[in-house]
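Enquirer: Below are the sequence and a predicted model; questions follow.
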Amino acid sequence: MGIIQVVVTLLLIILLVKPVGNYLVKVFDYEKTGLDRFFGPVEKFIYRLIGVRENEKMGWKKYILSMLLCNFVMLLILYAIFRFQKYLPFNPDHIGNMPSALAFNTAISFITNTNWQAYSGENTLSYFSQMMAITFPMFTSAATGFAVAIAFIRGLVGRQDNLGNFYVDLVRAITRVLLPISFIVALFLVFQGVPQTLHGAADSTTMEGVKQIITRGPVASLEAIKNIGTNGGGFFGTNAAHPFENPTPLSNLIQILSMMLLPTALVYAFGVMVKNKKQGWTVFATMGILFISLLAVVFVAEYNGTPALHSLGLNGNMEGKEVRFGLSESALFTAATTAATTGAVNTMHDSLTPIGGFVPLVEMMLNNVFGGKGVGLLNGLLYVILTVFICGLMVGRTPEFLGKKIEGKEIKLASIAILIHPLIILVPTAIALAFKGSVASILNPGFHGLSEVIYAFTSGAANNGSAFGGLTSNTDFYNITIGLVMLLGRYISIIAMLAIAGSFSTKKVVAASSGTFRTDTPLFTVILLAIILVVCALTFFPALALGPIAEHLGMF
């Protein structure tokens, strides 16, 4: 039954890829469509309100500047809300202001689409903060990733330095994609029993006569965009394992579909927009093979359990999992949330078997197994460019991608974007393990404790936001260092990729010949997979060997 549940979920995801991908193309191609009749008036009002000229085009430098300026202003607003929430409205439970280091971390977390939470939401945030400083940036951060990905695609096929208009792309992503889908998903979650109210916590008396305070709030609206926008986080500290966030197996299915819907569809949309669907399916196949392989690993690992459990006569590892989801849906959720860099969890990753915990770590280290809104596609295309360059060197021919030559400038920028990822994971991890104060936050000794620290920085660098658990991360050290890692992980790769797009946009298209190395074939899929795995293994294997792999071997 577990295998059937997983297969059905994956089939539903595949069936939605093409129609949703075609819809995304209509949203971002700037052509007149029937959608304008419904969304046009609202969007024009927004443009007038914020002073944007809809037809203004932006080169890559102006696009980057607009993106950074918009995100920086929102970052300041979020920080201010967290610091002064005690004096703001919609605070029926009278929650105080957030400490400065935690506010710094949380503001960065939600503006970068990471949604790392070093706090428990129901006890730390007012309803105003949950709506305006958590739910609102879930829309804008996801839309930013979308806009950047679309701009990069325009650069690949463009003939001049024109990546579109960042503000128009941002608004369209919100009005035509994120808001409508989130509204539908939120209503369905309410139907499944997820609360959506502005009333304060409810006081109740249990059957044993014990007084109990039941926290509630505008949960369904946050949950919808949390998954649709691959944001992660949660209204409650236990995230999607909490029955108010994810009450039924059906709500669990909808949340998995929501996480995977747009990242998978965007890869198909890429193929349509570059007028080479085979190219899109090649990238999709590479990501899909990685996802299915890693899903199989965590699935088998959790069903096999551990020798300690076997000695007690128990099959499978149900520690840290909800009975209403079981092993299969917990394993699938684990693979999906770190593949799509959502960061929501319906099971405690700290309680996975060592090899089960190895899977979410590897998916975030790869950071291109579909990935979050837009950024996952960008990371995948980074490796495509690198693979084409390496293959070109092997045959002694100037490498080409989509008819445009890849030269030194593009490779240098791609190398920066690829290398910054391990740098901001491994260096902060080493620093954290070098000081007694940060080591004291580790609750589990040995190999598992090392995995906890690596996981925290990997989650921040990949803008995922899920936590391994077992690490007391709400300290000044971890709040500041993980905050900086989230900033670097988000914006350095985006800036590098948009610079590559600007360079590509002014290149002439070279006609394909018999010597052209095609990048839309099964052979290229195999080579691309090999390059991704080799780069990841060379970079991260030593750290993985000291963490989950050593812990696994230690069980025997």
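Expert: That came through fine. Numbers count the residues shown, from 1 in each chain.
Enquirer: residue ranges of the strands in the stretch 151-300 of the chain, please?
Expert: Using DSSP state E, counting those that start in this stretch, the strands found in the stretch 151-300 of the chain span residues 202-205, 211-214.
Enquirer: Any idea which of those gets closest to Gly483?
Expert: Among the strands of the stretch 151-300 of the chain, strand 211-214 comes nearest to Gly483, with 31.2 Å by C-beta to C-beta. Using the backbone N, CA and C atoms, a C-beta is placed for each residue, glycine as well.
Enquirer: picking that back up, out of the strands of the stretch 151-300 of the chain, flag the one nearest Val148.
Expert: That would be, of the strands of the stretch 151-300 of the chain and by C-beta to C-beta, strand 211-214, which comes in at 40.7 Å.
Enquirer: In the stretch 401-550 of the chain, where is pLDDT below threshold?
Expert: 514 (pLDDT under 70).
Enquirer: For it, which segments count as helices?
Expert: Assigned by DSSP state H, counting those that start in this stretch, the stretch 401-550 of the chain shows helices spanning 408-432, 436-439, 446-461, 476-505, 522-544, 550-554.
Enquirer: JSON lines for those, including distance to Pro195 and mean neighbour count?
Expert: Below are those laid out as JSON lines (distance: least, C-beta to C-beta, whole Å; neighbours: other C-beta atoms under 10 Å):
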{"stretch": "helix 408-432", "distance to Pro195": "37", "mean neighbour count": "18"}
{"stretch": "helix 436-439", "distance to Pro195": "37", "mean neighbour count": "12"}
{"stretch": "helix 446-461", "distance to Pro195": "27", "mean neighbour count": "25"}
{"stretch": "helix 476-505", "distance to Pro195": "29", "mean neighbour count": "22"}
{"stretch": "helix 522-544", "distance to Pro195": "40", "mean neighbour count": "16"}
{"stretch": "helix 550-554", "distance to Pro195": "38", "mean neighbour count": "15"}
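Enquirer: Turn these into JSON lines, columns for distance to Ser328.
Expert: Formatted as JSON lines, those follow (distance: least, C-beta to C-beta, whole Å):
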{"stretch": "helix 408-432", "distance to Ser328": "30"}
{"stretch": "helix 436-439", "distance to Ser328": "36"}
{"stretch": "helix 446-461", "distance to Ser328": "23"}
{"stretch": "helix 476-505", "distance to Ser328": "31"}
{"stretch": "helix 522-544", "distance to Ser328": "25"}
{"stretch": "helix 550-554", "distance to Ser328": "21"}
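Enquirer: Most remote residue from the middle of the chain, which is it?
Expert: Gly209 (43.6 Å; C-alpha atoms, centre = their mean).
Enquirer: picking up where we left off before, out of the helices of the stretch 401-550 of the chain, which is closest to Cys70?
Expert: Closest of these to Cys70 is helix 476-505, at 12.2 Å (criterion: C-beta to C-beta).
Enquirer: so what does that closest one touch, helix or strand wise?
Expert: helix 60-84, helix 100-111, helix 136-157, helix 375-395, helix 408-432, helix 436-439, helix 446-461 (3 or more C-beta pairs under 8 Å, 6 or more residues apart in numbering; DSSP states H and E).
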